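A.B. asks: Take this sequence and fold it.
(one chain, ligands or ions: 1)
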Amino acid sequence: MQDRFVHCIAQLPQPLADQLVPLLNQDFAGHMDAQQVADLAQATQMSQDELLLAMLPIAAALAKPPISEFYVGAIAKGASGDIYMGANLELDGEALFHSVHAEQSAISHAWLSGETGIEDIIVNASPCGHCRQFMNELVEGQAIRIHLPEQATQPLSHYLPYAFGPADLNIKTPLLSKQQHEFALESADPMIIEALDHLSLSYAPYSEGYAAVVLETRDGATFCGRYAENAAFNPSMLPMQMALSAMARHNRDFSEINRAVLIESSQGKISLVGATMDALHAVAAVELEHIMVDPV
Ligand SMILES: [Zn+2]
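C.D. replies: Predicted coordinates for the structure are as follows:
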């Protein structure tokens, strides 16, 4: 079991802790498939809702909050039935807008894993206004069920009445819906090919500044982020933050980054290059490779 779970496993009911210890091995980064969740519920005699609420301390243990030292965990349950944990991330010494909230981490985890819808969000504290707005960008966002400890489950529409969302700006394919944007780039570099794949799946209906980031560590592992824009602009999630959040879930130290690529559309109304460099330089002494590509 990874060291970061030692403290939280002791807080869980013993039957659940016994089942989880073998799952929290070195490869664990917060994903469990639907069958694993069903098996855990059966072995612990818990309902699925009880189980997911009980596992929040595991999600919170994925956090890196050097500023607030406040650990928030969230679990997103995808349309496939798989679950995706997420946690808050703060960049030490940097402006607070670089932070990632637990719900954003969990939802981006599900998106990067190919989910096309989120049905439930389980979180250990009432979602902040920023996260309510972020979730409202998702497909069928108003119907997402929000589960909190000791509170009745309510849809997002309960927490965000009179919402402003993508439909108000005439966007018919909201975040997580299937869409693919084509860009012209020939490259034999696997990292750039990977970045291009994520670029094509990024979500930027308001600025058309489609963008993706790939980070490579010294051992050759890669961590990706896609831009996820928001109708209210500020709750947008930048691809660098999404990639750093993926690294944090995998328990990787940012000092291990040895290459960083930002790829973005040449036709966007904005560029993320400045914001991406700021976040990268806050965590690693690596120069950003910046590639602009033309839409097809
Ligand atoms: Zn939040």
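A.B. asks: Residue 11 against residue 55, yeah?
C.D. replies: No: contact between residue 11 and residue 55 fails when scored by Cβ atoms under 8 Å: they sit 11.0 Å apart. In this view, the C-beta of every residue, glycine as well, is placed from N, C-alpha and C.
A.B. asks: which of the two has more neighbours?
C.D. replies: residue 55 (23 against 10; other Cβ atoms under 10 Å).
A.B. asks: hang on, that one packs against residue 75?
C.D. replies: Yes: the pair residue 55 / residue 75 is scored as a contact, 6.7 Å apart, by Cβ under 8 Å.
A.B. asks: which bits of the stretch 1-150 of the chain sit near the ion?
C.D. replies: Neighbours of the ion within the stretch 1-150 of the chain, by Cβ under 5 Å from the ion: 101, 128, 130-131.
A.B. asks: try it again with 8 Å
C.D. replies: Counting by Cβ under 8 Å from the ion, the residues of the stretch 1-150 of the chain close to the ion are 72, 88, 101-104, 127-132, 134.
A.B. asks: Buried subset of the residues you listed as a ChimeraX selection?
C.D. replies: Command for ChimeraX that selects the buried part of those, burial taken from 16 or more other Cβ atoms under 10 Å:
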select :72,88,101,102,103,104,127,130,131,132,134
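A.B. asks: Which ones among the residues of the stretch 1-150 of the chain next to the ion lie within helices?
C.D. replies: Counting by DSSP state H, those place 102-104, 129-132, 134 in helices.
A.B. asks: Could you export these as CSV, including distance to residue 221 and pLDDT?
C.D. replies: Output for those, formatted as CSV (distance: Cβ to Cβ, whole Å; pLDDT from 0 to 100):
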residue, distance to residue 221, pLDDT
102, 23, 98
103, 25, 98
104, 22, 98
129, 35, 97
130, 30, 97
131, 28, 98
132, 33, 98
134, 27, 98
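A.B. asks: Tell me which two of the residues you listed sit farthest apart.
C.D. replies: 102 and 129 (14.4 Å; Cβ to Cβ).
A.B. asks: what's around residue 221, how many residues?
C.D. replies: Neighbour tally, residue 221, other Cβ under 10 Å: 12.
A.B. asks: likewise residue 211?
C.D. replies: Neighbouring residues of residue 211 were enumerated by other Cβ under 10 Å; the total is 29.
A.B. asks: just residue 266 next, same as before
C.D. replies: For residue 266, using other Cβ under 10 Å, the count is 13.
A.B. asks: doesn't residue 94 fall inside a helix?
C.D. replies: No: secondary structure of residue 94 (DSSP: H, G, I helix; E, B strand; the rest coil): coil, not part of a helix.
A.B. asks: what's the nearest residue to it if we skip its chain neighbours?
C.D. replies: Spatial nearest neighbour of residue 94, chain neighbours left out: residue 282 (4.5 Å); criterion: Cβ to Cβ, 6 or more residues apart in numbering.
A.B. asks: which helices and strands does the helix or strand where that neighbour lies pack with?
C.D. replies: Assigned by DSSP states H and E, residue 282 belongs to helix 273-283. Applying 3 or more Cβ pairs under 8 Å, 6 or more residues apart in numbering; DSSP states H and E, we find helix 273-283 packed against helix 239-249, strand 257-265, strand 288-295.
A.B. asks: Mean neighbour count, the ones you listed: which tops it?
C.D. replies: helix 239-249 (a mean of 27; mean count of other Cβ atoms under 10 Å).
A.B. asks: all strands of the stretch 101-250 of the chain, in order?
C.D. replies: Assigned by DSSP state E, counting those that start in this stretch, the strands in the stretch 101-250 of the chain fall at 118-123, 145-147, 154-155, 183-184, 211-217, 222-226.
A.B. asks: Could you spell out the sheet neighbours of the fifth one, each with its direction?
C.D. replies: With DSSP bridges as the test, strand 211-217 is paired with strand 222-226 (antiparallel), strand 257-265 (antiparallel).
A.B. asks: Any chance of a markdown table for those strands, columns mean pLDDT and distance to residue 214?
C.D. replies: Shown next, in a markdown table, are the strands paired with strand 211-217 (pLDDT from 0 to 100; distance: least, Cβ to Cβ, whole Å):
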| stretch | mean pLDDT | distance to residue 214 |
| --- | --- | --- |
| strand 222-226 | 98 | 5 |
| strand 257-265 | 98 | 5 |
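A.B. asks: Out of those, which gets nearest to residue 192?
C.D. replies: The nearest among the strands paired with strand 211-217, by Cβ to Cβ, is strand 257-265 at 6.3 Å.
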